[in-house]
Every structure is written in structure tokens, then in C-alpha cells.
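>>> structure here, sequence nowhere to be found:
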């Protein structure tokens, strides 16, 4: 199955390594890579193994359409850097790929947070699959869990601790460090975005909240519809004072169906340290789903990294291959 | 799709209610119920909705084979009371159903803990499905999660807090009650088995550990292969002393691949109260899977009850219906 990658950063490179390692069992071939920075690489038609892990890039092709055509791919994987305010250019890339009748996988939460319903419907009309498991929980099954394993279950709401940078900032302050030192630590760990306010102001969590609500509750919202406040007002003194009384702070995403719509909020919440929502540290994330038939159940990822995100994309590709070639 | 129930206790009755409620979307029909205590009920061939929720039982049929034949069912659901020491008679019931070419669902962990590989292979030979999602985590997806959502992932081990009675006993002792009062509370909540030593001695956890290891790691063991110790030596004084220093006790199941085999243990472990393993209370359960490609990820169920267990069976029935009639 020929695959075209749009974007080739850390996740793309981890995915390429994973595909190479699994190639005897899953005959996936990366037939093209297109990046804004390095240009475009497309492999020769008869290259059975596809592009090398460090391909020679030529000049960037003029358009995504040209690139997808040249790649001969059946699946496009969108992995460009996130623009969290608009979801672009990822959303346009995905539209172009769906327009060509390609299946699409993305690890980019922007399009899911900003434009999910339109993309889903476009994929349905074209009879192709659109998958995005890695966008919120770094590859831990959430969307596929609900879709494949919970038939007849309605998701009424959810509660999630989904942002890593703010956890590290809070932990740093609890140990006597400053807010800025916490941000610096998160950056050193490769977790914080270039502009860490994206994390600390709650916008990252708002994007994830909107993405989850769009897919699991058909909310049809953008991140702007999420009432989000960050951790900016928390001082080291306050964090330490809470810690001494057995409490801690987490940036919590909460969603529920409300009269005539959806209540979507992100808040820095004071929690007992023994609360399950407080029990995840570092990059670990937790999501509880509140449902009708199944009560409350959840998934947790412990210290995931780029390899897990790449795996989530891989698992989506396996589902597409099963659909295309039969299980 | 005609379904025969073997056993009609709390889970069976909850399942019958759920099937009735979902009947417009999922046309499942309970065509027979067989119990040791009440006898057998089989519905008339033309009864479109199947048996009533409170059927009139006649004398018990002479054999499971006779019952399955009379029911005309395509799927057998095994829900008899657990015999944790042998897995019988559930295992024999399942064998009889598979022998007749029926698909089988069970919520009974005995057969999975004692005889999984043989049943799985028998189902494969007959070309039918054998499903058991509710056996360990009360319906929260675990087995289906790994099988359907984590392709190419090898489960190298797991860590689980899977027994509710012991959590309630520990909580009771931490609040100053006795061991016996804790057991009594668990019994009143309908959680403890008739013989609560089954829980407190670690045997329930050993059964769950064996079941998980058999399915997720192809361990081919019985609960006797699990090194299990319970919470019997813990005193209220010790529980309170630990609690004052921020610690608590959980009965933890641990499994990992070891040189030439499997290391399978159940122990009362002293944990920080802030540990994610300690964060589940009451009937809530947590299972962490340690994998190659996906690192550590987990599932959590918050205060599940009999309706969740019934839902897990229902979700297995939906999968079978999809396979039989096409999605």
C-alpha cells in the first residue's frame, strides 16, 4: 500500500522507521514525502521498499495535488506542524487528498478541532477512510475504542487531563521552582510548543477538547467554543501551599451535553493528590468517558512519546489496509 | 440472531433487559434460557421478540446439547456461576456449544483462566467466534482493545488492580473498621463472592491474572501457576499506620514474560496513595499493559456494576452479528 507523507518531522521520521521495521508483515511503502522546509521526494515506481529513511529531497512541488499525483499513493498521511488557531494548512491538505479519493490519516489535531464534520462527510461521500487516532492521546486508542469496541454506547461527556506542559510546570512549582523554570523543563523534554503559552493558556487543551467533542459527541465546534482558562495565575507559593495540604492542580478538560448544546470547559482545577485525575504525571494523560450504557470508563497513556504517536498513525494505516485489501 | 442463555442470574437478567431495549437497532432474540435452579425455557419458533424477561421455566432439559438444539440458537452465552477452582461446568458448556458450531460469548472468567487455548483452538477449527470481554474488567474493553485496536503490538506484561472486595476491606480498615466489617460491606454491596476468602486470599485476582496472561500473552496457564498471596495478614493498625504516612495497600496483579516462561504474581503491595494503581476505589479497576510498540497504556473502569458486565456481553454479541450478517 503506497503512502504519501505530508510533513516529515519527528513523528514522520518515527513512522518511517516503524513502517520499515514492520514491512515483512505490513507491506506499506512510503512513495512520497513532501515538506515545506526540505522540499519533495518521490520514489521511482519500481522501488519495492519505497523511499529511504533519509531521502534526497528535490525542490518542493508546486502544490499538494501535484505531489499526491506524483506519489501514486493510495493513502495520504498529514503530519505538518500544527497551527492551532486555524487548523491550516493541514485541513486544506486533507481536503485535497480526500478530493483525489485518497484515504487520509492525520496526527494533527488542528483539522479535527476546527473542521471535523466537513472532513468526515467529505470522506464518506468519496467512499474513503479518514482516521486520526494520534491527535489527542498520542496513539492510545480513544477514537477507535469508541467506534469499534463500544457499539450502541452514547458518549454523554468526558473528563480529561490532556496537557503535559502544564503538569510539568505545576510539578516544578510544587518543588519550589518558578513558572518559567517549569516551562523551560517542558521545552527541554521536547514537550512544550515553541510558544508555550499555547499550553499554559489552555489553548492546547481547548483544541483537544474540541476534537474529542467533535468526534465523540458530534458537537460541530471549534476550539473557540471551549471556555478555556490556563494555569497563568498559579504561583509557586500557591502550588506549594496546596501540595502541603495533599492537593495539586491539573488542567482539566470537561465536556458534557447540556440543554440545547454542549458545555465545554478547560480549567486549572484543585484536586486531591489521590484523585485519579491527579495520578498521571509527566507526559502521562488520562481520559474518562461518561457514557450511557457503560457508565464511566477511561484510557490512560503512561509517558508516551513520539514513537507512540507514530504507532497511532500506523494502527490507522493497518485499519485502512484491512479495508482496502480485506483482512 | 437467536441467542441461548446458559445461566440467568443478575448478569443474564441485565443482558435480557439490554437486548430488549436495543432490539430495534440490534435484532437479537433470546430463544432459550437454561438454568440449574429454575429449569429450562425455550420460546416458540415464531416468537419474534423471543422469551419474556420473566419467562415461565419448565423442567430442566437433560443436557446442554438438548437445550441448545431446542433453542435453535446461533450463539450460546455462558453465564453460570463461577467455579473458580476448575472453571467447570462453564468450560464443558462452552465446549458443547462450540461442538455444535455455535458462536459463544461468556462473562465467566473460569474457562478463560483454566482452559483458554483449547477453547480458542476449538472455535477456530469450527469457524466460529469465541468472545469474553466481560470476564476481567466488567465490560470495559481490554481483550477487544488489544485484538482490534493494537495491531502488531506485543503485550510483554501487565499490572492490574482488579479485585474490588480487597479494596473495600482495606478502605474499611483505614477508617478504623475490622477486616470482617470490610468483608461484610463488600457483601452488602453485592461485590464479594459467597466465600469472600476467594477474594481476600488472592484467588480471584489469580484467576484474572491467568485469564489476561492466557489471552494477551498466550501463556497457556491455569490460576494455579500464579504465585498469589492475599491481604489476610494486614491488620487495621497496619492499614491506619500506612495511611497516616500517605500510603495504602492494593492487591496487585503483575505479569511479565520471563526467561523461558512467565512471571505471574498477585501481592498485597504498599503503594503511595498518589500512585495511579492506588487511585481506583470501590469497584473501580485499572489495568496497565506493558507493550513493545506502544509503551505502557491502560484502561480504567469507574464503579462498574452488573449493567456494565451485561454490556460487555452485548458488545461481543454485536461483533458476532457483524461477522455473521455483515457490518
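In hand now; what should we look at? Just so you know, these numbers come straight off a predicted model, no measurement behind them.

>>> need the longest helix for chain A.
Under DSSP state H, the helix in chain A containing the largest number of residues is helix A:306-325.

>>> and it, how far from the chain's centre?
In terms of CA atoms, centre = their mean, to the nearest Å, the gap separating the centre of helix A:306-325 from the centre of its chain is 14 Å.

>>> the closest residue in space to residue A:305 that isn't next to it in sequence: what's it in contact with?
Taking CB to CB, 6 or more residues apart in numbering or on different chains, and ignoring the residues beside it in sequence, residue A:305 has residue A:283 as its nearest neighbour in space, at 7.0 Å. Yep, even glycine has a C-beta here, placed from its N, CA and C like the rest. Contact partners of residue A:283, counting by CB atoms under 8 Å, 6 or more residues apart in numbering or on different chains, are A:138, A:164, A:167, A:189, A:191, A:303, A:304, A:305.

>>> roughly how far does the spatially most central residue of chain A sit from chain B?
The residue lying closest to the centre of chain A (CA atoms, centre = their mean) is residue A:135, at 1.4 Å. In this structure, residue A:135 and chain B are 15 Å apart, going by CB to the nearest CB, to the nearest Å.

>>> kindly report the same for residue A:226.
Separation of residue A:226 from chain B (CB to the nearest CB): 24 Å.

>>> surely that residue meets residue A:210?
Yes - with the criterion set as CB atoms under 8 Å, residue A:226 and residue A:210 qualify as a contacting pair; they are 5.6 Å apart.

>>> more neighbours: which of these two?
Of the pair residue A:226 and residue A:210, residue A:210 is the one with more neighbours under other CB atoms under 10 Å in any protein chain shown, namely 29 against 26.

>>> the more buried one: what secondary structure?
Classification of residue A:210 by DSSP: H, G, I helix; E, B strand; the rest coil places it in helix.

>>> number of residues surrounding residue A:49?
Using other CB under 10 Å as the criterion, residue A:49 is surrounded by 12 other residues.

>>> does it touch residue A:27 like I think?
No - under the contact definition of CB under 8 Å, residue A:49 does not touch residue A:27, with a separation of 9.6 Å.

>>> coming back round to it: looking at this, the residue nearest to the centre of chain A is in a strand?
No - checked against three-state DSSP, residue A:135 lies outside a strand; its state is helix.

>>> how about the contacts made by it?
Neighbouring residues of residue A:135 by CB under 8 Å, 6+ apart: A:106, A:107, A:108, A:109, A:112, A:208, A:211.

>>> give me every residue that touches the fifth one.
Right, residue A:112. With contacts defined as CB under 8 Å, 6+ apart, the neighbours of residue A:112 are A:106, A:132, A:135, A:136, A:210, A:211, A:214, A:215.

>>> put the buried members of the contacts of residue A:283 into a PyMOL selection.
PyMOL command restricting the contacts of residue A:283 to the buried ones, with burial defined by 16 or more other CB atoms under 10 Å in any protein chain shown:
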select buried, chain A and resi 138+164+167+191+304+305
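
>>> how long is stretch A:267-286 from one end to the other?
Counting by CA to CA, to the nearest Å, the length from the leading to the trailing residue of stretch A:267-286 is 15 Å.

>>> helices or strands next to the helix or strand containing residue A:20 in the packing?
When secondary structure is defined by DSSP states H and E, residue A:20 falls within helix A:10-21. For helix A:10-21, the packing partners by 3 or more CB pairs under 8 Å, 6 or more residues apart in numbering or on different chains; DSSP states H and E come out as strand A:2-6, strand A:29-35, helix A:306-325.

>>> contacts for that helix next, please.
Contacts with helix A:10-21, where a contact means CB under 8 Å, 6+ apart, come from A:3, A:5, A:8, A:26, A:28, A:30, A:33, A:49, A:51, A:53, A:77, A:79, A:107, A:134, A:190, A:306-307, A:309-311, A:313-314, A:317, B:293.

>>> by neighbour count, which of the contacts of residue A:135 wins?
Neighbour-wise, the contacts of residue A:135 (other CB under 10 Å) top out at residue A:106, 29 neighbours.

>>> check contacts around the nearest residue to it once chain neighbours are set aside.
When the adjacent residues along the chain are set aside, residue A:106 lies closest to residue A:78, with 3.9 Å between them (CB to CB, 6+ apart). Residues near residue A:78 by CB under 8 Å, 6+ apart: A:6, A:7, A:90, A:93, A:94, A:97, A:104, A:105, A:106, A:107, A:108, A:111.

>>> again, 7 Å this time
The contact partners of residue A:78, taken as CB atoms under 7 Å, 6 or more residues apart in numbering or on different chains, are A:6, A:7, A:90, A:93, A:94, A:104, A:106, A:108.

>>> what about those residues, which are in strands?
In this view, those that belong to strands under DSSP state E are A:6, A:104, A:106.

>>> neighbours around residue A:323, how many?
Residues lying near residue A:323 (other CB under 10 Å) number 12.

>>> just to check, it is in contact with residue A:128?
No - shown here, residue A:323 and residue A:128 do not form a contact pair, counting by CB atoms under 7 Å, at 9.2 Å.

>>> show me chain A divided up by domain.
According to automatic domain parsing, chain A comprises the domains A:2-139+A:307-325, A:148-303.

>>> centre of the chain to the longest one, how far?
Domain A:2-139+A:307-325 has its C-alpha centroid displaced from the chain centroid by 14 Å (CA atoms, centre = their mean).

>>> mean confidence score for it?
The average of the pLDDT scores along domain A:2-139+A:307-325 is 94.

>>> ends of that domain, what's the gap?
This stretch, domain A:2-139+A:307-325, spans 13 Å end to end (CA to CA).

>>> repeat for stretch A:15-31
With CA to CA as the measure, stretch A:15-31 spans 13 Å from end to end.

>>> buried residues, that stretch. List them.
Across stretch A:15-31, burial judged by 16+ other CB under 10 Å covers A:15, A:16, A:18, A:19, A:22, A:26, A:28, A:29, A:30, A:31.

>>> try stretch A:127-145
The neighbour-count check on stretch A:127-145 (16+ other CB under 10 Å) flags A:128-145 as buried.

>>> how long is it from one end to the other?
Counting by CA to CA, the length from the leading to the trailing residue of stretch A:127-145 is 22 Å.
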